[in-house]
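Asks: Would you be able to build a 3D model of this:
(2 chains)
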There are 2 protein chains.
Amino acid sequence: MATTDFEADLATTGKQVDAALEALLGERVLPTGRLGDAMRHAVLGGGKRLRPYVVLRSAELFAIPEAAAMPTACALELLHCYSLVHDDLPAMDDDDLRRGRPTVHRAYDEATAILAGDALLTLAFEVVSAPAPQADPAISATLVHTLARAAGATGMAAGQILDLEAEGRFDGGEPLSLSESQVSHLQSLKTGALFRFAAEAGAILGKASPEDRVRLVRYGAALGRAFQIADDLLDEEASPEELGKATAKDRARGKATLPAVIGKGAAREKLAEAVSAAREALVPYGDRASRLLAAADFAATRRN
Amino acid sequence: MATTDFEADLATTGKQVDAALEALLGERVLPTGRLGDAMRHAVLGGGKRLRPYVVLRSAELFAIPEAAAMPTACALELLHCYSLVHDDLPAMDDDDLRRGRPTVHRAYDEATAILAGDALLTLAFEVVSAPAPQADPAISATLVHTLARAAGATGMAAGQILDLEAEGRFDGGEPLSLSESQVSHLQSLKTGALFRFAAEAGAILGKASPEDRVRLVRYGAALGRAFQIADDLLDEEASPEELGKATAKDRARGKATLPAVIGKGAAREKLAEAVSAAREALVPYGDRASRLLAAADFAATRRN
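Replies: Numbering: from 1, shown residues only, chains lettered A, B, ... in the order given. This next block holds a predicted model:
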């Protein structure tokens, strides 16, 4: 699948995801007022919806229609948005801009941002466990459990604390000097966990075999690596206008990134290796996996 | 059941809950290091475990053994502890003491407290959805969904934002002057939602009839009202030593409490009414509900 075809597909799917998110966050469902408004600000302000895209396409691989996979896709995006809201807080990365708009604590205030993040994380679990006709509760329970493990103290949250530790935040000292494998481990938690879930979710929804599930997790892990390395290269190379957020901040903060540890050239090689690994994991599915493959190419080559 | 018997039962059950929480938060399960340590600090530092007690006793009413209800009981306590960690943050209530010990952001720092709260909330959903032999996944999915609704933007989190709004926090102005019914609504979200879940959980676990479920929710709501009014009276009357946290702060902050709005005497009457309502909801269960009734008496008369 050509990159331009992929981008059109991603844009179309993104609009469907946006519509589903708008329904979940609509004023008939969520209270009007400060909390609901802040949650809508956090979620509905753009975003490529790449993680939901991967959920829907991995579900497609196992013959699950888009409508049946959409709640899981939305839950993952809600959870991703919560992590951005909390990451941006003054006590964390202290960012003013996100997707070209003020971060939640800048548009509202810190207390509202903390609660809006909490409520989005909670809503993710509400959505993924929502009763639906023909839905299998065993699948719901497995999705909840897998998503919680991806997000919590042995997944994304663990990666976030390691990230802050690597900055030297807690002893008030200098950034730690991490090895390449330590940085890779950190990123596999901080970014990789949700991408692994995105890919695995389709296999769970499709009641796929354990072998399929392992393959999809492998693909998701490689996709996450590619996404993060590309992100770190962009942070050093792109302009704030291209990214809609401040750039070159990560290195200034002492964030642990592969380009910082092994250099940009070597990081580009790792990026290519990650795309190959994604491709390899999907070989058994042939052309049926072309959209997932295109997602990996896109993650690696995007300019914003 | 006499109050002293109840207190002994609560203490015994509390120790069992503590042991189960320690297993869930043990160093073999959670990473050692800053995040796991902060989560353990938040959860394992005492606490009466009243919400888990209600889960276990409401489950007992529907013939569900303690071991089968314990994961749900622990999940609720983890979720309650997350809410305390975030409520105590400088951007929220800015408290230094909790259960007689430094709050998480004082013992560690703000970033760690935000992430530890996030990870405890996430762990609650991991625990309540954990696969178990003989567990019915339909029950797991219902528990997840009901817990998420109790905690999120239409439950506890909604109550927390209303609470901050009532303080006049967001326009930087004076505390709002709320009516009695507005205060009651706020408290039914902020405190009541988790107590309602605690009581309803037993009915869900026991696949009880819709009528049973409604009765237990009614009991939980009344218990939550009693608990909150007693808490607000204690905040005005007890010493910091008795409570293990600062007192008389709520009124100084302009927190919306019933004693502040209708006076202590009228609040004590509302407290008695809440205990009666709890009793009334449980009439159909006769003596089998004696421990749940004693819990309501205890919530109303406790001194810490």
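Asks: near chain B, which residues of the stretch 151-300 of chain A?
Replies: A:151, A:152, A:153, A:154, A:157, A:158, A:160, A:161, A:164, A:165, A:169, A:170 (Cβ under 8 Å from any Cβ of the partner chain). C-betas here are computed from N, CA, C, even on glycine.
Asks: And these, which of them are buried?
Replies: A:151, A:152, A:153, A:154, A:157, A:158, A:160, A:161, A:164, A:165, A:169 (16 or more other Cβ atoms under 10 Å in any protein chain shown).
Asks: ok, back up a step: in CSV, list the residues of the stretch 151-300 of chain A next to chain B along with pLDDT and secondary structure.
Replies: Below are those laid out as CSV (pLDDT from 0 to 100; DSSP: H, G, I helix; E, B strand; the rest coil):
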residue, pLDDT, secondary structure
A:151, 98, helix
A:152, 97, coil
A:153, 95, coil
A:154, 93, coil
A:157, 97, helix
A:158, 96, helix
A:160, 95, helix
A:161, 95, helix
A:164, 93, helix
A:165, 92, helix
A:169, 87, coil
A:170, 86, coil
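Asks: Output these in JSON lines; the columns should cover distance to residue B:272.
Replies: Below are those laid out as JSON lines (distance: Cβ to Cβ, whole Å):
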{"residue": "A:151", "distance to residue B:272": "43"}
{"residue": "A:152", "distance to residue B:272": "42"}
{"residue": "A:153", "distance to residue B:272": "43"}
{"residue": "A:154", "distance to residue B:272": "47"}
{"residue": "A:157", "distance to residue B:272": "44"}
{"residue": "A:158", "distance to residue B:272": "48"}
{"residue": "A:160", "distance to residue B:272": "47"}
{"residue": "A:161", "distance to residue B:272": "47"}
{"residue": "A:164", "distance to residue B:272": "49"}
{"residue": "A:165", "distance to residue B:272": "52"}
{"residue": "A:169", "distance to residue B:272": "51"}
{"residue": "A:170", "distance to residue B:272": "49"}
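Asks: Closest one of those residues to residue A:57?
Replies: residue A:151 (21.1 Å; Cβ to Cβ).
Asks: Dihedrals phi and psi, the residue in the stretch 151-300 of chain A positioned nearest to chain B?
Replies: Nearest residue of the stretch 151-300 of chain A to chain B (Cβ to the nearest Cβ) works out as residue A:152 at 3.6 Å. Main-chain dihedrals, residue A:152, degrees, to the nearest 10: phi -90, psi -150.
Asks: these two touch, right, it and residue B:123?
Replies: Yes. Shown here, residue A:152 and residue B:123 form a contact pair, counting by Cβ atoms under 8 Å, at 5.4 Å.
Asks: pLDDT (mean, whole number) over stretch A:102-117?
Replies: The average pLDDT within stretch A:102-117 is 97.
Asks: Quick one: end-to-end distance for that stretch.
Replies: Chord length of stretch A:102-117, first to last residue, is 15 Å (Cα to Cα, to the nearest Å).
Asks: which residues touch that stretch?
Replies: Contacting residues not belonging to stretch A:102-117 are listed as A:34-35, A:37-39, A:41-42, A:82-83, A:85-86, A:88-90, A:95-97, A:101, B:86, B:89, B:91-92, B:114, B:118, B:157, B:160-161, B:164, B:169-170 [Cβ atoms under 8 Å, 6 or more residues apart in numbering or on different chains].
Asks: cool, stretch A:200-210 as well?
Replies: A:54-64, A:68-69, A:72-73, A:76, A:136, A:139, A:142-143, A:146-147, A:212-213, A:216-217, A:220.
Asks: Buried residues, that stretch. List them.
Replies: A:200, A:201, A:202, A:203, A:204, A:205, A:206, A:208.
Asks: Who's the closest spatial neighbour of residue A:78, skipping the chain neighbours?
Replies: residue A:124 (4.3 Å; Cβ to Cβ, 6 or more residues apart in numbering or on different chains).
Asks: hang on, the earlier thing: same list (the buried ones among the residues of the stretch 151-300 of chain A next to chain B) but as JSON lines, adding distance to residue A:235.
Replies: Below are those laid out as JSON lines (distance: Cβ to Cβ, whole Å):
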{"residue": "A:151", "distance to residue A:235": "23"}
{"residue": "A:152", "distance to residue A:235": "26"}
{"residue": "A:153", "distance to residue A:235": "27"}
{"residue": "A:154", "distance to residue A:235": "27"}
{"residue": "A:157", "distance to residue A:235": "22"}
{"residue": "A:158", "distance to residue A:235": "22"}
{"residue": "A:160", "distance to residue A:235": "17"}
{"residue": "A:161", "distance to residue A:235": "20"}
{"residue": "A:164", "distance to residue A:235": "17"}
{"residue": "A:165", "distance to residue A:235": "20"}
{"residue": "A:169", "distance to residue A:235": "18"}
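Asks: Now residue A:22: which helix or strand?
Replies: helix A:3-24 (DSSP states H and E).
Asks: Any idea how many residues pack against the residue nearest to residue A:78?
Replies: Residue A:124 is flanked by 29 other residues according to other Cβ atoms under 10 Å in any protein chain shown.
Asks: what pLDDT does residue A:173 get?
Replies: On the pLDDT scale, residue A:173 gets 73.
Asks: do the same with residue A:240
Replies: What the model reports for residue A:240 is a pLDDT of 65.
Asks: now swap in residue A:77 and tell me
Replies: So, for residue A:77, pLDDT stands at 98.
Asks: you'd agree it is in a helix?
Replies: Yes. Under the criterion used here (DSSP: H, G, I helix; E, B strand; the rest coil), residue A:77 sits inside a helix.
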